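# Predicted structure and sequence below. I'll ask about it afterward.
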Amino acid sequence: MTHQEILKKVEWKDLRSLSIREVFIENNLTIPWFLISITLAYFGYYIFALPFSAFFFLTGLRQVQNGFHNSLGTNKFLTWLSLYINSVLMLVSIHAVKFNHIRHHKYCLTDQDYEGKSAGMSWYGAILYGPVHMFLIHKITLQLGNKNYRRNVVTELLSIVAFAGISLYFNIHFLLYHIIVMLIGEFLMAFFAVWTVHHDTHDSPEYARTQRNGWKNKITFSMFYHLEHHMFPAVPTIKLPELARRIDEAIPELEKKSTF
């Protein structure tokens, strides 16, 4: 079944709209996790801060992914601001990630898909490739991106350097903790955000892996409904559980490879 046939069989366009409550959730989901992790780190409870930092990173990924596809329910400036703030807090140019993510949807798992390079590696190869992955997405955006992309990437990188520089110069221990944890998270992106959802799918790249286990989706904030995201990228993450239900109902025969 082709992508176009799936689009015709599944009712999905109504899922693009967000209520005021859903807009609030999608745009503020990161805040409690960040505040709790930073507070615990401030008082030196680094071990206890780690799970909250991980949830901040995960919800940050959810927020920026929605921003990439204009699915936050906000205007252009507020969407840009969300991407910029997350760039500084997550220690990576989110506009560089966006450029490669949009190409990933267009050229999924081909030679032109730089985001998806680690999908064909072993799991440990994808982990080791992480630092190269982060360098490559910035390099590709600066080489192939238009003027706006390049300007945003440079602005975000300079802001990250300023944030890290101030934290180091004044030895702000809880911010240094945050920087280290975020860098580790970024270095694992090639594994968690690419390999887990795309390995062994090169024969049918449009059929990414997905997750149908309820509690696993709850603790990962619905970020592993990746088959659904690839087929309907305009649908906000908060609506993906309902989209998955509709796909299962309309196309029960559709093969669904599990993420984990």
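Thanks, I have the structure now.

# What residues of stretch 78-85 count as buried?
By neighbour count on 16 or more other C-beta atoms under 10 Å, the buried set for stretch 78-85 is 79, 80, 82, 83, 84, 85. (Each C-beta comes from the backbone N, C-alpha and C, glycine too.)

# how near is the nearest residue to the fifth one once chain neighbours are set aside to residue 245?
Here the nearest residue to residue 84 in space, its sequence neighbours aside, is residue 156; by C-beta to C-beta, 6 or more residues apart in numbering that works out to 6.3 Å. Between residue 156 and residue 245 the distance, using C-beta to C-beta, to the nearest Å, works out to 37 Å.

# Over to residue 43?
43 Å.

# Please apply the same query to residue 96.
Relative to residue 245, residue 96 is positioned 34 Å away (C-beta to C-beta).

# more neighbours, the two?
residue 96 (25 against 11; other C-beta atoms under 10 Å).

# Helices of the chain, residue ranges please.
Ranges of helices in the chain, per DSSP state H, are 3-9, 20-28, 31-42, 46-68, 76-90, 94-106, 123-144, 147-169, 173-187, 189, 196-198, 214-219, 226-231, 240-250.

# mean pLDDT lowest for which of these?
Ranked by mean pLDDT, those bottom out at helix 3-9, with a mean of 83.

# Now do it: which elements does it pack against?
Helices and strands touching helix 3-9, by 3 or more C-beta pairs under 8 Å, 6 or more residues apart in numbering; DSSP states H and E, are helix 226-231.

# centre of the chain versus the helix it packs on, how much separation?
13 Å (C-alpha atoms, centre = their mean, to the nearest Å).

# quick one, what contacts residue 46?
Listed by C-beta atoms under 8 Å, 6 or more residues apart in numbering, the contact set of residue 46 reads 40, 177.

# run the last query once more with 10 Å
Listed by C-beta atoms under 10 Å, 6 or more residues apart in numbering, the contact set of residue 46 reads 37, 40, 53, 173, 174, 177, 180, 181.

# What of residue 102?
For residue 102, the contact set (C-beta under 10 Å, 6+ apart) comprises 68, 69, 115, 233.

# Export these as CSV, with columns for neighbour count and distance to residue 141.
CSV is the format used below for the contacts of residue 102 (neighbours: other C-beta atoms under 10 Å; distance: C-beta to C-beta, whole Å):
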residue, neighbour count, distance to residue 141
68, 21, 13
69, 20, 17
115, 26, 11
233, 16, 19
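
# between these, which is closest to residue 194?
Closest approach to residue 194 among the contacts of residue 102 (C-beta to C-beta): residue 115, at 6.5 Å.

# Next, count neighbours for residue 53.
Residue 53 - counted by other C-beta under 10 Å - has 24 other residues nearby.

# Once you drop chain neighbours, what's closest to it?
Of all residues not flanking residue 53 in the chain, residue 37 sits nearest, at 4.3 Å (C-beta to C-beta, 6+ apart).

# Contact partners for that neighbour?
Taking C-beta under 10 Å, 6+ apart as the criterion, residue 37 is in contact with 45-46, 48-57, 174, 177-178, 181.

# Could you measure from it over to residue 43?
As judged by C-beta to C-beta, residue 37 and residue 43 stand 11 Å apart.

# so what sits against both of the two?
Shared contacts of residue 37 and residue 43, counting by C-beta under 10 Å, 6+ apart, come down to 49, 174.

# What is the burial count for the residue nearest to residue 188 when sequence neighbours are not counted?
Nearest non-adjacent residue to residue 188, counting by C-beta to C-beta, 6+ apart: residue 130, 5.6 Å away. Neighbour count for residue 130, taken as other C-beta under 10 Å: 21.

# Relative to residue 53, how far out is residue 130?
17 Å.

# what's the farthest-apart pair in the contacts of residue 37?
45 and 57 (18.0 Å).
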